[in-house]
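K.L.:
For reference, the sequence and a predicted model appear below.
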Amino acid sequence: MNKADILYCLKSSGKEYEALLNFSSEQKKKHVGNKVYLRGLIELSNNCSKDCYYCGIRKSNKKTKRYNLKDAEVLEAAKFAYENNFGSLVIQSGELQSENFSKRIEHLLKQIKSLSDNKLGITLSCGEQSEDTYKRWFDAGAHRYLLRIEASDKELYAKLHPQNDLHSFETRLKSLELLKKCGYQTGTGVMIGLPFQRLEHLANDLLFMKEFDIDMCGMGPYIEHADTPLFQYKENLLPLSERFELGMKMIALLRIMMPNINIAATTALQAIDKNGREKAIQIGANVLMPNITPGTYRDAYALYENKPLTKSSDDDCKTCIEMNLKGVENKIAYGAWGDSLHFKAKTSAKNLHSLRTGK
Ligand code: 5AD
C-alpha cells in the first residue's frame, strides 16, 4: 500500500469502510488465526520523570496521587497471571531512568521467571533506557518491549512534548533501534486523533511502522485529560466516535500492511466504546491486556479521562472476556506466549542466511 492508498482508506466511510474492516478481518484469520493472546497488565508505578503534554501521569501533574507497587504485589499479580494460564504479562511503568529502577526491574524479572518455572512470557513497557539496561532486562527474561513513538513526525512530536533532552525525538527513535539490536520483539505505536494531527501524519505513521519492520503494535485514540497542557485544544479535536473509527481504520490498515505482526486491542478504544477492544479484535487485533494491577492503585494510573477498569471491583474477569470474544468468533490461546510470527519469520530467515553464508 502506498501513501495515496492509505489516505484513501483513512477517508473511507459507509460501504468502503465496512469493506476495509472485512478485508482486514480476513487477513487476520489467514495469517495469525482467530486467536487472542493474553498479557496480564501490571501498572507498576505512575512515578514519571517526563512531562509529555498529553499524559495524565506527567511529572508536573500535582493532582495525581503517586504510587509504586510493592515487589510482593507485583509478584502476587504475576502469580495470578500464571495460575490463570494467561501465558504472558506486561509490566508497564512511568518512565524512570536510574540504577535503582534498572536493578529493581531486573530483580523482578528474575523472580517472575522463577515463580512461573520460566513459563510466563514477559513484555516490558518502561520507556527509554540505556543499551546496558535494555540488555540486562533482556538477559533477565524479558523478550518483548513496547515503546510507542507516539507520533512519527518530528514536528508533530515536538508539539506534544517539551523541548529538552529528556523528550527528544531522536532518543526515542534510537531507543527503538536499541531494543531491536538487543534482541527484543519490538513494538511501537501512536496516538490517533491528536491535536495538530492530520490524516497524512497517520498515513506516514503506518509507513514508518512498515519501514521500521516492527514486530508488534499498540495504538489507540487520543483522549484528552483536563490536567494536561494539550487540554486547551479540546475544541479542535474530532468527536470521540470519529477518533474511534480512525483507530479501527488504523488497525485494519496495519493488519493488511503487516499481516503477521501482533496488534493489541488497547484500553483507549474501550474508554470510548465499552466493546471497543472486542471490535478491534474482530477486525484485526490479536492481543488483549487484561488489567491485573491491584485494584487500589488503578485509579491513579489515569493516563486519560474515563480510563476503564479503574475501580477495584471492575475486574477484567476471565469468563467475561471469554464470552465477549466468543461473540466476535475469537478464542483465547491460554498458556501461550503468543510471540510475534513476524519476528519468528525474520529470525528463521536470518538463521538460514547465516547457515548458508557462515556469517
Ligand atoms: N490519550 C490516549 N493515550 C494516551 N497515552 C498517554 N496519554 C494518553 C492520552 N491522553 C498513551 C501513550 C503512552 C501509553 C502508555 O499511553 O501513547 O505510550
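P.N.:
Yep, that arrived.

K.L.:
now the strands for the stretch 51-200 of the chain?
P.N.:
In the stretch 51-200 of the chain, the segments counted as strands under DSSP state E, counting those that start in this stretch are 88-93, 121-125, 144-146, 185-188, 191-192.

K.L.:
close to the ligand, is stretch 215-231?
P.N.:
Yes: applying CB under 6 Å from any ligand atom, one finds stretch 215-231 touching the ligand at Tyr222, Ile223, His225. For the C-beta atoms, the positions are set from N, CA and C on the backbone; glycine is no exception.

K.L.:
Would you agree His201 falls within a helix?
P.N.:
Yes: counting by DSSP: H, G, I helix; E, B strand; the rest coil, one finds His201 located in a helix.

K.L.:
Just the C-alphas of the helix or strand where Glu278 lies, formatted as PDB.
P.N.:
Assigning secondary structure by DSSP states H and E places Glu278 in helix 276-283. Listed in PDB are the C-alpha atoms of helix 276-283, where the atom choice follows Å, rounded to 0.1, in the frame of the first residue of the first chain:
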ATOM      1  CA  GLY A 276     -14.100  -1.300  21.700                       C
ATOM      2  CA  ARG A 277     -11.400  -3.900  22.400                       C
ATOM      3  CA  GLU A 278     -13.600  -6.800  21.100                       C
ATOM      4  CA  LYS A 279     -14.500  -4.700  18.000                       C
ATOM      5  CA  ALA A 280     -10.700  -4.200  17.400                       C
ATOM      6  CA  ILE A 281     -10.200  -8.000  17.800                       C
ATOM      7  CA  GLN A 282     -12.900  -8.700  15.300                       C
ATOM      8  CA  ILE A 283     -11.200  -6.700  12.600                       C
END
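
K.L.:
Identify the residues contacting it?
P.N.:
Under the contact criterion CB atoms under 8 Å, 6 or more residues apart in numbering, helix 276-283 has outside partners 21-22, 24-25, 28, 36, 244, 247-248, 251-252, 255, 263, 265-267, 269-270, 273, 285, 288, 324-325, 327-330.

K.L.:
let's go with 6 Å and repeat that
P.N.:
With contact meaning CB atoms under 6 Å, 6 or more residues apart in numbering, helix 276-283 is reached by Leu21, Ser24, Ser25, Val36, Ile251, Ala252, Ala265, Leu269, Gln270, Asn324, Val328, Asn330.

K.L.:
just checking, what packs against the helix or strand that contains the first one?
P.N.:
It stands for Leu21. With the criterion set as DSSP H and E, the secondary-structure element containing Leu21 is helix 14-31. Counting by 3 or more CB pairs under 6 Å, 6 or more residues apart in numbering; DSSP states H and E, the packing neighbours recorded for helix 14-31 are helix 240-257, helix 276-283.
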